[in-house]
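Enquirer: Here you go, sequence then predicted model.
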Amino acid sequence: MVLKALARALALAALLAVPAGVCTAAPAPPAPWVPAAPLSPAAPARAPEAAVTQRCLPPVVVKGKSGQSAKAGVCVALDNAFMTVTAPAECGRGACDTSGTWRMKRSGRDVASGEFGRRAGYPGPGTYEIITTLRVRSVPAGVDLRAERTARITLSWPRPKTTHRIDVSPRTVRAGRTTTVTYTVSRLGPDGDSNSRLGLIGTEGTGVRLTSSDPQCSNPLSGAYPSTARHPYVLNCDLVNLQPGRPNVVKVRVRMGKVCSPVVSKMGYWLPKGQEAYTGNMLVGPTVGCVKG
C-alpha cells in the first residue's frame, strides 16, 4: 500500500512540473537527406586570338620566257619594327626554291626594298604596290624560270613606337680632312634596357679611318688569334648607361682619304621579354656624307 501511494505521488508531481498551456510531444523525426543538385560545368574560357603577324596574297601562275610555269604567291611577315617578304611557290609535284628581290611603292614612291627572306624596315600600315622579281627552280620538276609580278597588298599593323634615336652632327665631312663627328644616342622610353651597341662603318679600301678616345669604343679585330690587326674603317661603341632622359654622347674622329666614303650608323639593342629569346632589334641611324675638298 505504501509503494502504490508513493508511485501515485511521483506521477502527480511530474504533471505539476509542466507549465500550464505547454504541450509536450515526441521529437520530430530528422528530415530525409536529399543530395545537392550537381553544379553545371562552367563554359571553358575562350582562348585569346593570336596576333596576326603575316599577310599573304594568293598564288598566281607565273611564266618564264621558255614557256615554263609555276604558281607563286607573296607573303609579308612582321617582326617588331621589321618585315620579311617571301614568295612561296608551287612547281607541280616537286618542291620549289625561290629567290629574288622586291620593291614596295606607295603613291608612286619607293618606300622599302630588299631580298626575299631578309628583314627590311616596316613602313607602317597602308596599301602598297609590291613588285617582285623572282627566280623559281625545281630540280625534280625540271623548272627554272624568271618572272616579275606586280600586285597590291594592304598591311594593317600599326607602326611600332620608336624606342631609341641616333642624332649626328655634322652630317657632312670633306675628303682629305679629319673631322670630329658627334653622335648622340637617346633612349626614349622604358622599353629595352641600358645596354646597346652603336656601330659606325665606312667603305673598305677608301682610306677612311674611324677612331675615338671614348673607352666605350674600339675598332674590331680583323683576324684570328694571335693577330692584333683591326678594321680601321669600322668603330663599335658598347653603351652601358643608356637611360631615358640621359643621352649618351660619343665623339668620333673621321679621317677621310682622298676618296670619299659615306659613314653609316647602326645600333643593336635588346627589348627584354622575360626569358624569351630573339627579342633584339636594330636601328638604322643617320649617314654622314662626304664631299670633295
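Expert: The structure has been received and is ready for your questions.
Enquirer: Could you list the low-confidence segments of the stretch 1-150 of the chain?
Expert: Residues of the stretch 1-150 of the chain that meet the criterion pLDDT under 70 lie in 1-52.
Enquirer: Repeat that for the stretch 151-293 of the chain.
Expert: Scanning the stretch 151-293 of the chain for pLDDT under 70 picks out no residues.
Enquirer: how about the strands in it?
Expert: Along the stretch 151-293 of the chain, the segments classed as strands by DSSP state E, counting those that start in this stretch run 164-169, 172-174, 178-187, 196-201, 209-211, 217-218, 234-239, 248-255, 264-270, 280-284, 289-291.
Enquirer: just so I know, which of those lies nearest Thr98?
Expert: Of all the strands of the stretch 151-293 of the chain, strand 280-284 sits nearest to Thr98, with 24.9 Å by C-beta to C-beta. Any C-beta I mention is one placed from the backbone N, CA and C, and that applies to glycine too.
Enquirer: Walk me through which strands the closest one pairs with, and which way each runs.
Expert: strand 264-270 (antiparallel) (DSSP bridges).
Enquirer: how close does the residue nearest to Ser213 when sequence neighbours are not counted sit to Leu242?
Expert: Sequence neighbours aside, Lys251 is the residue nearest to Ser213 in space, at 7.6 Å (criterion: C-beta to C-beta, 6 or more residues apart in numbering). Computed as C-beta to C-beta, to the nearest Å, the Lys251 to Leu242 distance reads 16 Å.
Enquirer: more neighbours, the two?
Expert: For Lys251 versus Leu242, neighbours defined as other C-beta atoms under 10 Å are more numerous around Leu242 (20 against 12).
Enquirer: circling back: name whatever forms a beta bridge with the residue nearest to Ser213.
Expert: Thr182.
Enquirer: Format the strands of the stretch 151-293 of the chain as a markdown table; extra columns: distance to Pro88.
Expert: Formatted as a markdown table, the strands of the stretch 151-293 of the chain follow (distance: least, C-beta to C-beta, whole Å):
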| stretch | distance to Pro88 |
| --- | --- |
| strand 164-169 | 34 |
| strand 172-174 | 44 |
| strand 178-187 | 38 |
| strand 196-201 | 33 |
| strand 209-211 | 42 |
| strand 217-218 | 43 |
| strand 234-239 | 36 |
| strand 248-255 | 43 |
| strand 264-270 | 29 |
| strand 280-284 | 26 |
| strand 289-291 | 39 |
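Enquirer: Next, count neighbours for Gly126.
Expert: A count of nearby residues for Gly126, using other C-beta under 10 Å, gives 14.
Enquirer: List the single closest residue to it in space, sequence neighbours excluded.
Expert: Spatial nearest neighbour of Gly126, chain neighbours left out: Arg106 (5.8 Å); criterion: C-beta to C-beta, 6+ apart.
Enquirer: Report the contact partners of that neighbour.
Expert: Applying C-beta atoms under 8 Å, 6 or more residues apart in numbering to Arg106 gives the contacts 123, 126-129.
Enquirer: Same check on Gly202?
Expert: So Gly202 contacts 208-210, 233-234, 254, 261-263 (C-beta under 8 Å, 6+ apart).
Enquirer: Ramachandran angles for it?
Expert: Backbone geometry at Gly202, expressed as degrees, to the nearest 10, gives phi -100, psi -170.
Enquirer: and it, how far is that from Gly142?
Expert: 46 Å.
Enquirer: No further questions, thank you.
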